[in-house]
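Participant: attaching a predicted model along with its sequence, questions to come.
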Amino acid sequence: MEQFIEWITQPWPWYVAGPLIGLTVPILLLVGNKSFGISSSLRHVCAMCVPANIPFFTYNWKKEMWNIVFVVGVLLGGFFATTFISNPDTIVVAESTQQDLAALGITDYSKLLPAEIFNWENLFTGKGLLFFVIGGFLVGFGTRYAGGCTSGHAIMGISSLQWPSVVATIFFMIGGFLMTHVLLEPLMKMVGF
Amino acid sequence: MKVEEKVKNMQPVECEAPNMQESKDGLLKYLIIGILFGTVFVKAEIISWFRIQEMFRLQSFFMYGVIGSAIAVGALSIFLIKKFNIKTMKGETVNIPKKEFRKGQIIGGFIFGLGWALTGACPGPLFAQIGSGFTVILVTLVSAIAGTWVYGRFSDKLPN
């Protein structure tokens, strides 16, 4: 039992996590003929709460309730895993990444997200504006414009051999590389890091 | 515009479920699948901003391993489902909506990538981060919903 607890509280390796995530594809298909995709849930929230007669949001969102319930489950799963089987040790991050991030003023590895950025005190500052408000907006706007995110395009789309999803995934990566290697440092300096 | 075309345009562009609304009991299974999925996100530390930084800095294989093996398992599953014509629990034929190429996959994909590197999260991990106690991510989520709304509001004016 102790061994089991020790095993389950350790961070899971990629070759356990990746296949488990991949299994979500056939599970959703076989359980209810649903295509794996998470960013659509954001659209369903819009359709549910503020459709404002916009054609893009006037559809039968009740049909898509499963997607909302699914993401509520993801939130609860995050809670359970963190509360009951979380890793007691600090996260192991590549040496080179630590060096790069130290140059940006990020040195706190006590949590899964750097405390220097992700805290409520930052909300009404340039840091909060950049990482929460602008970051979130880009994720929501971009995924809907692209018609999917990492789950809908990179995993579900490529798994079902759809080339538009390969294109989308390539551009996800290009955007991410550009932000990380070119824009992040000046932007972080600008907001006071 | 013909009536059918109008109706067609009213449909969600992607990810529409091919079958009707589920009952409350029917929805419970998606809650359970979601909980398991969220657990994997936390246990493999995929929700960590640091993991996404490692990925975009090409300093760790971890996230490439996760996404790559997820695609491999997903692709093999879909291959088997099609090859043996495996039906859903309700006996339906499995339906995978075709994704049409649009400029949005380039422009929108690029914009999402910028946000992904900032927030350290795609939409799934956002939910798991909030559940893990990073409550300030609620602001990011509301902003992501706002971004989705703004796209919907102006989608007909954007290159598509």
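Facilitator: Sure, I can see it.
Participant: secondary structure element for the residue nearest to B:Leu118 when sequence neighbours are not counted, which one?
Facilitator: Nearest non-adjacent residue to B:Leu118, counting by C-beta to C-beta, 6 or more residues apart in numbering or on different chains: A:Gly135, 3.6 Å away. C-beta: built from backbone N, CA, C; applies to glycine. Secondary structure assignment for A:Gly135, by DSSP states H and E: helix A:135-146.
Participant: which helices and strands does that helix pack with?
Facilitator: helix A:40-49, helix A:163-178, helix B:104-119, helix B:123-131, helix B:137-154 (3 or more C-beta pairs under 8 Å, 6 or more residues apart in numbering or on different chains; DSSP states H and E).
Participant: next SSE after that helix?
Facilitator: With elements assigned by DSSP H and E, the helix or strand that comes after helix A:135-146 is helix A:158-159.
Participant: quick one, helices of chain A?
Facilitator: With DSSP state H as the definition, chain A shows helices at residue ranges A:2-9, A:14-32, A:40-49, A:65-84, A:95-103, A:126-128, A:135-146, A:158-159, A:163-178, A:184-190.
Participant: of all those helices, which lies closest to B:Ile81?
Facilitator: Closest approach to B:Ile81 among the helices of chain A is made by helix A:14-32 (6.3 Å; C-beta to C-beta).
Participant: stretch A:49-62: which residues count as buried?
Facilitator: A:51, A:54, A:56-57, A:59, A:61 (16 or more other C-beta atoms under 10 Å in any protein chain shown).
Participant: near chain B, which of those show up?
Facilitator: Counting by C-beta under 8 Å from any C-beta of the partner chain, the subset of the buried residues of stretch A:49-62 that neighbours chain B consists of A:54, A:56-57, A:59.
Participant: tally of neighbours for the closest residue to B:Glu100 other than its chain neighbours?
Facilitator: Distance criterion C-beta to C-beta, 6+ apart; nearest residue to B:Glu100, sequence neighbours excluded, is A:Pro164 at 6.6 Å. A:Pro164: 21 surrounding residues under other C-beta atoms under 10 Å in any protein chain shown.
Participant: kindly report the same for the one 5 residues further on.
Facilitator: As a burial measure, A:Thr169 scores 24 neighbours (other C-beta under 10 Å).
Participant: is it true that A:Thr125 touches A:Val133?
Facilitator: No. Using C-beta atoms under 8 Å, A:Thr125 is not in contact with A:Val133, being 10.8 Å away.
Participant: between these two, which one's more packed in?
Facilitator: Counted by other C-beta under 10 Å, A:Thr125 and A:Val133 do not tie: A:Val133 has more neighbours, with 17 against 12.
Participant: show me what contacts the closest residue in space to B:Ile137 that isn't next to it in sequence?
Facilitator: Distance criterion C-beta to C-beta, 6+ apart; nearest residue to B:Ile137, sequence neighbours excluded, is B:Gln129 at 4.5 Å. Applying C-beta atoms under 8 Å, 6 or more residues apart in numbering or on different chains to B:Gln129 gives the contacts A:78, A:112-113, B:47, B:121, B:137.
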